[in-house]
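**Q** Sequence and predicted structure, then a few things I'm wondering about:
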Amino acid sequence: MFLPRFPQQAALAFLSSHLSTYFTPSLWLLVSLDRITNTHSMPMPQPPNQESKEQEEATPLVFDASVLRHQLHIPTQFIWPDEEKANLDVPQLLVPFIDLRGFLSGDPIAAMEASRLVGEACQKHGFFLVLNHGIDRQLISDAHLFMDHFFELPLSQKQRAQRKTGEHCGYASSFTGRFSSKLPWKETLSFQYSADKNSPNLVKDYLRNKMGEEFEQFGKVYQDYCEAMSNLSLGIMELLGMSLGVGKAYFREFFEGNSSIMRLNYYPPCQKPDLTLGTGPHCDPTSLTILHQDQVGGLQVFVDNEWHSISPDFNAFVVNIGDTFMALSNGRYKSCLHRAVVNSKTTRKSLAFFLCPRSDKVVSPPCELVDNLSPRLYPDFTWPMLLEFTQKHYRADMKTLETFANWLQRKSN
Ligand SMILES: C=C1C[C@]23C[C@@]1(O)CC[C@H]2[C@]1(C)CCC[C@@](C)(C(=O)O)[C@H]1[C@@H]3C(=O)O
Ligand SMILES: O=C(O)CCC(=O)C(=O)O
Ligand SMILES: [Fe+2]
């Protein structure tokens, strides 16, 4: 557990300056060499898990689903250990369907009821579904359609947007250059969205610049989709604030001008779906995830010591709490372990919007959520600090927040 040792602001200033020193390019090189040679000579605590080392050692291998599909044996890097292997036939999770129609039209009674249901789900496992969310059906269909166009392009064209090591945006094919084992059976395209008024076309410009002029329309669809997701998440933040007793404006204001991540997940069919995983078990390090899955199904959530599925529903978004919101709520609301399984017949797609605070926002719970009975569980941090942790030091899993908090604490000692 985190025990504050300094006044909070001082601790944060100390940690951020330490972190930025740690990552100046020349020092970063030293740190990398230090990791490779394992001499541990740097005065900083070492990153806590395997992945930083894996990132150095990964043997690039190309994930080309159209080739792999015809092989009898899948490469060993894609085979997950027995204790993590997928079970495709699991019971369904009982998650509440929360109808947002009344809340979105300003009905205070409907808002109270929606916030009660949201609060109940977030204390238990952090997953719920929203219906009548006000997002245009055509926009959702277009977002899926343009995903098909993108992922069906030849590899060389998708690689125009190739994601570089240490970066979280771009096209990644199974993370073959990033990790060397437990590779996910998927391709992804991720990009940054900003709700800041000064960056109204970030998504559109990024996609057009990377992919070419002919991707103008493609960029527009995802620009609009991200904007719609950002607005929906601010509404959900009102419900979360009401349910936690801090008022509806608190978290909405915290996430205004958010700097979020949009990710397109594309899972090709796999001849051995019981040996592999599309996305490994993890808790999202981000604040709130709004997911739209196609009709195929594959999302599983670990509740009451058992994996459960969440069935697809075109009319619903799956919403879940991430580690950053768990820290903001001082542990009241749970960020829950989940994964995505693949199947042998059909490609599966999902659209994930990861709400993240603006980079200068300090993640620190409101005073109403801290008292003698509920002391601070996590140190102050900013989202870029946690993001950097997941991209350079630690492969996100079920323990990301705990490991990050301990890492920060050791750094501050
Ligand atoms: C900040 C992030 C890291 C990952 C993407 C995301 O934007 C949110 C979730 C993270 C992830 C999906 C959790 C599972 C492992 C991971 C490597 C993946 O399979 O995609 C994670 C993402 C990452 O790029 O590190
Ligand atoms: O594809 C899915 O259903 C889940 C993906 C996921 O958990 C993620 O991208 O963080
Ligand atoms: Fe996730």
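**A** Noted; the coordinates are in hand. Residues are numbered from 1 along each chain as shown. Ligands and ions are numbered 1, 2, ... in the order given.
**Q** which residues in the stretch 201-350 of the chain form strands?
**A** Using DSSP state E, counting those that start in this stretch, the strands of the stretch 201-350 of the chain run over residues 259-267, 279-282, 288-293, 299-303, 306-309, 317-321, 338-340, 348-355.
**Q** how about a markdown table for the ones you listed, with distance to ligand 1 added?
**A** Just so you know, the C-beta spots here come from the backbone N, C-alpha and C atoms, and that holds for glycine as well. Putting the strands of the stretch 201-350 of the chain into a markdown table (distance: least, Cβ to the nearest ligand atom, whole Å) gives the following:
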| stretch | distance to ligand 1 |
| --- | --- |
| strand 259-267 | 4 |
| strand 279-282 | 4 |
| strand 288-293 | 8 |
| strand 299-303 | 12 |
| strand 306-309 | 16 |
| strand 317-321 | 11 |
| strand 338-340 | 8 |
| strand 348-355 | 5 |
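**Q** Just put those strands in TSV and tack on distance to Y394 and mean neighbour count.
**A** As requested, those are arranged in TSV below (distance: least, Cβ to Cβ, whole Å; neighbours: other Cβ atoms under 10 Å):
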stretch	distance to Y394	mean neighbour count
strand 259-267	17	23
strand 279-282	11	20
strand 288-293	19	24
strand 299-303	19	21
strand 306-309	23	17
strand 317-321	20	26
strand 338-340	17	24
strand 348-355	17	24
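**Q** Kindly reformat these as JSON lines containing mean pLDDT.
**A** Converted to JSON lines, the strands of the stretch 201-350 of the chain look like this (pLDDT from 0 to 100):
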{"stretch": "strand 259-267", "mean pLDDT": "98"}
{"stretch": "strand 279-282", "mean pLDDT": "98"}
{"stretch": "strand 288-293", "mean pLDDT": "98"}
{"stretch": "strand 299-303", "mean pLDDT": "98"}
{"stretch": "strand 306-309", "mean pLDDT": "98"}
{"stretch": "strand 317-321", "mean pLDDT": "98"}
{"stretch": "strand 338-340", "mean pLDDT": "98"}
{"stretch": "strand 348-355", "mean pLDDT": "98"}
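**Q** Output those in a markdown table; the columns should cover distance to R101.
**A** What follows is the strands of the stretch 201-350 of the chain, written out as a markdown table (distance: least, Cβ to Cβ, whole Å):
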| stretch | distance to R101 |
| --- | --- |
| strand 259-267 | 25 |
| strand 279-282 | 31 |
| strand 288-293 | 17 |
| strand 299-303 | 24 |
| strand 306-309 | 26 |
| strand 317-321 | 14 |
| strand 338-340 | 27 |
| strand 348-355 | 21 |
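**Q** Pick out the residue nearest the middle of the chain.
**A** For the chain, D284 is the residue whose C-alpha lies nearest the centre (Cα atoms, centre = their mean; 4.3 Å).
**Q** residue contacts, the closest residue to G170 other than its chain neighbours?
**A** Of all residues beyond its chain neighbours, the one nearest G170 is R163 (3.1 Å), with distances taken as Cβ to Cβ, 6 or more residues apart in numbering. R163 makes contact with 169-172, 190 under the criterion Cβ atoms under 8 Å, 6 or more residues apart in numbering.
**Q** now do L355
**A** Taking Cβ under 8 Å, 6+ apart, one finds 229-230, 233, 255, 258, 260, 286-290, 322 in contact with L355.
**Q** Any idea what it is bridged to?
**A** In this entry, L355 is beta-bridged to L288, by DSSP bridges.
**Q** which bits of this structure sit near ligand 1?
**A** Taking Cβ under 6 Å from any ligand atom as the criterion, the chain approaches ligand 1 at residues 168, 184, 261, 263, 279-280, 282, 284-286, 354, 387, 390, 395-396.
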